[in-house]
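Student: have a look at this fold, sequence not included:
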């Protein structure tokens, strides 16, 4: 436990200042000095079982594990000496005596720490000639998890995560010595809401994800920083995509997986399974072109159709999935046209003590900051974003949606909207933190982001109101400062 007192230590000849009690491996990493590790993970309790992170500390007779050693004032540390390199080489050699050389078919290839260390420490020549230990393969653990005991290096990251983070404790280490393996306790399956994090934690390919297994090589994936939209916490994520026709020739799938991004203020190192596996709506069942009464039309015909609502009583239902900038723009447009404006959102759902909150929308708070109410009305015309049920009471219905649904032919006009992965903007999470999501993909078909659709409305009504994302961002920042009192 750190005391908050600042201390100075020397690592590889460099003076480093840190907090007393910080683990040496973390203090070095914060200073830009990487110490090899397999079992250590910043978000888990240290275990010290892999011995890859041994370092030399002046005054200590033997090398010590950096993941278990707290820093002290005046400590002098060496992390990369000939003796340490030889030690790490031997640790890897022992691991590889039982590890299968199946990198060409392993999903972890390209992201495997063991693979990287193999080349770092020049282990091309293998002295071990005996037959490798045989262990269970393709063991189904529950949800999307498949375990290969032959690849497992017994780092115990998965066990520690379930013991200390989710506190569900489904896994343990069974047998002893070379026969040891990670296994489920009798009668258990991994069914908690954070199971996918075990795949991220595994430094090798022992735990793989059925949702991603054998679908794409990781070096063909583009990685885009974004924010999860499936609850108001706004966990930081990466969207992994491939739209290259040479390396993705046999699939219409563009998004292949979602991974967490570290943010200690919001989601730390984790995301829930809902945020991880709910990405398919980005590519599947999309509305690709505008429709009038269920029949596809053109954007030019949309402008003519919109003129039919000029002078009529209109309510616009903005969405808690729209960005800050889009909400500001559409509220301004509604105010100018003297439309009544409210907002609609997904109903509350389950929450837990780790990450998930009951509000299943990314931007409810912005709607409230802008003074929007969650209410309906009896107006003749409804302009509805994202949630079709909001238009049930109105006789003339215009919908701005991303995905198909039953009853689209009953809508007078439907306009295809881009998903969050096909645009950029900001959301405000339930804590009042503004976060940016980035565009990972081009919009499918003729879909457009909601700000661009707003320009179509403004043009149809003869209003000059261009969609300028940066200007709307600045306008919301003013509203946010008023709300927060800053």
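Tutor: Noted; the coordinates are in hand. What you are looking at is a predicted structure, and each value in this text was computed from that prediction instead of being measured. Residues are numbered from 1 along each chain as shown.
Student: residue 87: helix or strand, and which one exactly?
Tutor: In the assignment (DSSP states H and E), residue 87 maps to helix 82-96.
Student: what's the answer for residue 172, then?
Tutor: strand 171-174.
Student: within the sheet, what are the partner strands of that strand, with directions?
Tutor: Strand pairing for strand 171-174, determined by DSSP bridges: strand 181-184 (antiparallel).
Student: give me the mean pLDDT for the partner strand.
Tutor: Across strand 181-184, pLDDT averages out at 94.
Student: still on that earlier bit, what comes up buried for the strand holding residue 172?
Tutor: Neighbour counts over strand 171-174 (16 or more other Cβ atoms under 10 Å) mark residue 171 as buried. Backbone N, C-alpha and C define where each C-beta goes, glycine included.
Student: so what touches the helix holding residue 87?
Tutor: 36, 50-52, 54-56, 63, 78, 114, 117-118, 121-123, 126-128, 153 (Cβ atoms under 8 Å, 6 or more residues apart in numbering).
Student: mean confidence for the strand holding residue 172?
Tutor: 94.
Student: how far is it from where the chain is centred?
Tutor: In terms of Cα atoms, centre = their mean, to the nearest Å, the centre of strand 171-174 is set 28 Å apart from its chain centre.
Student: same thing with stretch 233-252?
Tutor: 13 Å.
Student: in stretch 346-365, what's buried?
Tutor: 346, 354-357, 359-365.
Student: may I ask which two of these are separated the most?
Tutor: Of all pairs drawn from the buried residues of stretch 346-365, the widest gap by Cβ to Cβ lies between 354 and 363 and measures 21.7 Å.
Student: tell me where the stretch 251-400 of the chain has strands.
Tutor: Here the stretch 251-400 of the chain has its strands, by DSSP state E, counting those that start in this stretch, at 255-260, 291-292, 295-296, 314-319, 340-344, 381-385, 396-401.
Student: quick one: closest of the ones you listed to residue 202.
Tutor: Taking these one by one with Cβ to Cβ, strand 255-260 is closest: 13.0 Å.
Student: give me the mean pLDDT for that closest one.
Tutor: Per-residue scores along strand 255-260 average to 98.
Student: what sits up against it?
Tutor: Here strand 255-260 has contacts from 197, 200, 209, 211-212, 215-216, 221, 223, 228, 235-242, 267, 269-271, 275-277, 279-280, 282-283, 421, 440-441, using Cβ under 8 Å, 6+ apart.
Student: that one pairs with which strands?
Tutor: Sheet pairing for strand 255-260, using DSSP bridges, gives strand 236-241 (antiparallel).
Student: model confidence over stretch 78-86, on average?
Tutor: Stretch 78-86 comes out at a mean pLDDT of 95.
Student: er, stretch 454-472 actually
Tutor: Rounded mean pLDDT across stretch 454-472 is 96.
Student: what residues of that stretch count as buried?
Tutor: In stretch 454-472, counting by 16+ other Cβ under 10 Å, buried: 454-458, 460-461, 465, 467, 469, 472.
Student: how about stretch 285-303?
Tutor: Buried-residue list, stretch 285-303, by 16+ other Cβ under 10 Å: 286-287, 290-292, 297, 302.
Student: what would these look like in JSON lines with pLDDT and distance to residue 191?
Tutor: Shown next, in JSON lines, are the buried residues of stretch 285-303 (pLDDT from 0 to 100; distance: Cβ to Cβ, whole Å):
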{"residue": "286", "pLDDT": "97", "distance to residue 191": "31"}
{"residue": "287", "pLDDT": "97", "distance to residue 191": "34"}
{"residue": "290", "pLDDT": "97", "distance to residue 191": "42"}
{"residue": "291", "pLDDT": "97", "distance to residue 191": "40"}
{"residue": "292", "pLDDT": "96", "distance to residue 191": "46"}
{"residue": "297", "pLDDT": "96", "distance to residue 191": "46"}
{"residue": "302", "pLDDT": "96", "distance to residue 191": "46"}
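Student: which residues touch the residue nearest to residue 244 when sequence neighbours are not counted?
Tutor: Nearest residue to residue 244 in three dimensions, chain neighbours excluded: residue 220, at 6.9 Å (Cβ to Cβ, 6 or more residues apart in numbering). Residue 220 makes contact with 242, 244, 247-248, according to Cβ under 8 Å, 6+ apart.
Student: for the residue nearest in space to the middle of the chain, report the pLDDT, please.
Tutor: By Cα atoms, centre = their mean, the chain has its centre lying nearest to residue 237, at 2.3 Å. Per-residue pLDDT puts residue 237 at 98.
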